[in-house]
Structures are given as C-alpha cells and as structure tokens.
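*Asks:* Structure for this input, please:
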Amino acid sequence: MNGPVLMGIVMDLFKKDYSPDQIAGRLKRAYPETPEMGVSHETIYQYVYREMLGQPELKGHFRHPRPCRRSRTGEKERRGQIPGRNPIENRPAIVEEKVRIGDWEGDRVEGAGKTAYIATFVEKTSKLLAAKVMPNKAAATLNRAAIRAFNPIPDDCIKTLTFDNGKEFSGHKALAAALGCDIYFAHPYHSWERGLNEYTNGLIRQYLPKKTSFDNLTQRQLDRIVAKINSIY
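*Replies:* Model prediction:
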C-alpha cells in the first residue's frame with residue numbers, strides 16, 4: 001500500500017462493506033491524477049488479510065465475489081429451445097468493440113427456494129447496471145421487469161440486448177418490439193459470451209449471497225445495492 005493515507009481510505013471503505021474490487025475502482029475514479037493512490041484489488045486483498053490477523057472482526061466485512069452458477073440438472077434439455085431465437089453470431093461486430101452506448105446483456109439471479117428473482121441488465125461499454133425484483137420467472141414477468149428497468153434509459157441508448165437461454169426470455173419478440181431493440185441469444189452454457197453480466201451478477205451476490213431468499217427483498221433495497229455497484233465505475 002502507498003502510505004497511511006491510502007491505507008486509511010481503503011479500510012474506511014472496507015468497513016462500509018465495499019469489496020476490494022469496488023475499492024480499487026473507486027480509488028481509480030476519485031484520484032485519476034494521483035498514480036500513487038492507485039492500487040489493484042489483489043493488493044487490497046493482501047492488505048486486508050494482514051489486517052485481519054490483528055483485527056479478526058474485519059472478517060464480517062470481507063466478501064468473496066463468486067459468479068452465480070446455476071444447476072444444469074433438469075435444465076439442459078430445455079435450454080436452447082426458445083422459438084425464434086436470434087443467435088449471437090448474428091449480432092453486429094461493433095457490439096464487441098465497445099465503442100458505442102446501447103448494447104446490453106441480460107440475465108436473472110435466483111433467490112433461495114426459487115420463489116423470487118432479480119432481473120439484471122448491464123450496458124457493455126459504460127457497465128451501467130439496472131435491476132428489478134421479480135416475484136417469479138415467467139416470461140411475462142421478465143418482460144415487465146425489463147420494460148421498467150429500461151424506462152429511464154433514452155431510446156437511442158438501447159440498441160441490442162443479449163440473453164442466455166432460460167425460458168424466462170421466451171417472450172423476446174414482444175420485448176424487442178416494446179424496447180425497440182434487437183435481441184440476441186448466447187450459446188447454451190457459454191457464459192463467457194455474456195461475461196460482464198455474469199461478473200456483475202457476482203457483485204450482486206456479495207450483498208445477496210446464494211442462500212438468501214428474495215421473498216422480502218424490496219425494490220428500494222435492491223436499488224441501493226445497484227447504486228453501490230454502479231459507483232465502482
């Protein structure tokens with residue numbers, strides 16, 4: 001670490017439940033003209049681990065981001081069977097260049113018991129996250145959540161949307177018409193084709209671990225989590 005001032009800032013953010021990845025991002029944005037204030041998330045992890053030797057109570061603030069992985073049992077045969085799906089290879093090459101705003105990745109995060117969900121949408125260039133609580137994963141519910149999530153987004157900032165192959169996205173044609181965008185589908189189990197969305201879902205899991213029920217999760221609570229994640233960039 002680069003001095004006591006930097007250490008103090010890092011620990012203050014860590015005690016407010018910011019992850020090392022988030023802290024590194026905030027420092028980079030807050031001090032763009034001060035290279036000595038820049039530090040990698042790996043270095044922050046190492047520093048926090050050392051501090052935990054003398055302050056074991058820090059363990060309560062330490063969160064390990066892990067991408068959400070869904071069980072394939074009973075789902076494999078149903079994936080990739082969405083009628084009229086437009087495969088990712090048809091998506092314009094400019095999407096991967098990340099030189100424009102408007103290309104999004106979408107997914108859903110599952111609560112414990114599979115009784116409530118979160119719809120997540122991430123813009124590939126700006127990394128802006130939008131998310132909505134869903135009481136179920138029906139296609140109509142997903143579409144309503146997506147329309148609410150994109151409501152404050154200007155139309156010209158919604159060009160493409162890329163999903164995985166869950167049945168909740170089977171209403172993609174109606175959603176594309178409602179949003180005025182083109183919708184594409186990644187290949188089944190090719191999570192790297194929607195890597196930013198997978199990573200962002202992992203950040204959400206820092207606040208809502210995998211065994212957490214979403215039954216009582218309010219949109220206001222989720223909005224606070226989204227605001228924290230968006231503050232990284």
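*Asks:* List the buried residues of the worst-scoring helix or strand of the chain on mean pLDDT.
*Replies:* Lowest on mean pLDDT, DSSP states H and E among the helices and strands of the chain sits helix 41-54, with a mean of 74. Neighbour-count burial for helix 41-54, counted by 16 or more other C-beta atoms under 10 Å, picks out 44, 45, 47, 48. Backbone N, C-alpha and C define where each C-beta goes, glycine included.
*Asks:* which residue ranges form the helices in this structure?
*Replies:* Applying DSSP state H to the chain gives helices spanning 3-14, 20-30, 41-54, 94-97, 139-150, 172-179, 195-207, 219-230.
*Asks:* mean confidence score for the shortest one?
*Replies:* It stands for helix 94-97. Confidence for helix 94-97, expressed as mean pLDDT, is 93.
*Asks:* just the second one next, same as before
*Replies:* Here the mean pLDDT over helix 20-30 is 80, rounded to a whole number.
*Asks:* Run the angle between it and helix 195-207 for me.
*Replies:* 110 degrees (axes from the mean of the first three to the mean of the last three C-alpha atoms, to 10 degrees).
*Asks:* Now residue 185: closest residue in space, sequence neighbours ignored.
*Replies:* Nearest non-adjacent residue to residue 185, counting by C-beta to C-beta, 6 or more residues apart in numbering: residue 85, 4.4 Å away.
*Asks:* Domains in this protein, by residue range?
*Replies:* 3-61, 76-230 (automatic domain parsing).
*Asks:* Check the ones you listed for me: which has the lowest mean pLDDT.
*Replies:* domain 3-61 (a mean of 78).
*Asks:* could I get the buried residues of helix 41-54 as CSV with distance to residue 227?
*Replies:* Shown next, in CSV, are the buried residues of helix 41-54 (distance: C-beta to C-beta, whole Å):
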residue, distance to residue 227
44, 21
45, 24
47, 26
48, 23
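*Asks:* Closest to the centroid, which residue in the protein?
*Replies:* In the chain, the residue lying closest to the centroid (C-alpha atoms, centre = their mean) is residue 200, at 2.3 Å.
*Asks:* Identify the residues contacting the closest residue in space to residue 130 that isn't next to it in sequence.
*Replies:* Excluding the flanking residues, the one nearest residue 130 by C-beta to C-beta, 6+ apart is residue 149, at 4.1 Å. Going by C-beta atoms under 8 Å, 6 or more residues apart in numbering, residue 149 touches 119, 121, 130, 131, 132.
*Asks:* which ones are touching the first one?
*Replies:* In this case it means residue 119. 106, 107, 108, 131, 132, 134, 142, 145, 146, 149.
*Asks:* among those, which ones are buried?
*Replies:* Counted by 16+ other C-beta under 10 Å, the contacts of residue 119 give 106, 107, 108, 131, 132, 134, 142, 145, 146, 149 as buried.
*Asks:* Out of those residues, flag the one nearest to residue 57.
*Replies:* residue 131 (30.6 Å; C-beta to C-beta).
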